[in-house]
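Student: Model the following, please.
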Amino acid sequence: MESGAARAAKRTAPRATARRATSTTLAGEVTSLVFAQISGQITTAAEAEGLVAPSLRSPPRVAGVHRTIRQRRDGTAVVAVARRGRSLPAVAADIIDGVVVANALDAHAASRARDAMWRSIAVEVAAAATDAA
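Tutor: Residues are numbered from 1 along each chain as shown. Coordinates of the predicted model:
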């Protein structure tokens, strides 16, 4: 019969399959936690540039596509991005392009906005590149 201390140790011991919550990817794909984090950072950067941040979700309702953009009747947009089986830079690029398209930016404004949004997630993208290597 096990003692109470032995049972408690089993309950609190980390499992071998546990993943770090701060990990950028899990088996090569962006986790939902990281998707939420970078989405928030990108939309904050977009709003700082005077843009309207669209709603972001994952996955798209249309099977087999990486990104969809839906315009609502009230004028707001919903950008849906696939994250499963995709790298962080690929997911981030789709989010950023979705923000650009949702705001109907001209080439100059789009370039400036993209730069600001990429800068907002530079640390996460660099960490993902390090994890992949």
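Student: Who are the packing partners of the longest helix along the chain?
Tutor: Ordering each helix of the chain by length in residues (DSSP state H) puts helix 32-48 first. Packing partners of helix 32-48 (3 or more CB pairs under 8 Å, 6 or more residues apart in numbering; DSSP states H and E): helix 88-102, helix 107-120, helix 122-132. Placement of C-beta: from N, CA and C, glycine included.
Student: Quick one: mean pLDDT over the last one.
Tutor: It refers to helix 122-132. The pLDDT scores in helix 122-132 average 81.
Student: can you redo the helices and strands packed on helix 32-48 as a markdown table with distance to residue 76 and mean neighbour count?
Tutor: A markdown table is the format used below for those (distance: least, CB to CB, whole Å; neighbours: other CB atoms under 10 Å):
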| stretch | distance to residue 76 | mean neighbour count |
| --- | --- | --- |
| helix 88-102 | 8 | 21 |
| helix 107-120 | 17 | 15 |
| helix 122-132 | 26 | 14 |
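Student: Leaving out sequence neighbours, find the closest residue to the spatially most central residue of the chain.
Tutor: With distances taken as CA atoms, centre = their mean, residue 35 lies nearest the centre of the chain, 2.4 Å away. Nearest residue to residue 35, sequence neighbours excluded (CB to CB, 6 or more residues apart in numbering): residue 83, at 5.2 Å.
Student: my guess is residue 72 meets residue 54, correct?
Tutor: No. In this structure, residue 72 is not within contact of residue 54 by CB atoms under 8 Å, at 9.5 Å.
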